[in-house]
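# Predicted model and sequence below, questions to follow.
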Amino acid sequence: ISINTEHTSINNVSKFQICYSFYCRILFKYFIFFAISPLMMLSNLTEQSIV
């Protein structure tokens, strides 16, 4: 019985890790996009103001 419960817990953990990595990738992409796009806009504004 203990082996069976360990197996199910490991299975749940692996499912969780797969979902977590999947959501992490999406969040990471969005984070990079939302972090870089304002920086790009700011750099464009500063370049225009300098010129």
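Perfect, I can see it now.
# Measure how buried residue 15 is and give me the count.
A count of neighbours around residue 15, defined by other C-beta atoms under 10 Å, yields 10. Any C-beta I mention is one placed from the backbone N, CA and C, and that applies to glycine too.
# Please identify the helix or strand for residue 21.
Using DSSP states H and E, residue 21 falls within helix 2-50.
# and that helix, how far out from the chain's middle?
Distance, stretch centre to chain centre, for helix 2-50: 0 Å (C-alpha atoms, centre = their mean, to the nearest Å).
# now that helix: mean pLDDT?
Mean pLDDT, helix 2-50: 80.
# Tell me how far residue 47 lies from residue 39.
As for residue 47, its distance to residue 39 is 12 Å (criterion: C-beta to C-beta, to the nearest Å).
# And for residue 27?
If you go by C-beta to C-beta, the gap between residue 27 and residue 39 works out to 18 Å.
# Residue 8 too?
46 Å.
# And for residue 26?
21 Å.
# same question, residue 33
Taking C-beta to C-beta as the measure, residue 33 falls 11 Å from residue 39.
# now swap in residue 31 and tell me
Taking C-beta to C-beta, one finds residue 31 at 13 Å from residue 39.
# Spit out the contact partners of residue 12.
Going by C-beta atoms under 8 Å, 6 or more residues apart in numbering, residue 12 touches no other residue.
# can you offset everything so residue one is 76?
Sounds good: first residue 76 from here, last item residue 87.
# neighbours of residue 99, just the number please.
Residue 99: 11 neighbours (other C-beta under 10 Å).
# likewise residue 123?
8.
# Same question for residue 122.
9.
# how many neighbours does residue 89 have?
Applying other C-beta under 10 Å, we find 10 residues neighbouring residue 89.
# same question, residue 113
10.
# roughly how far apart are it and residue 91?
33 Å.
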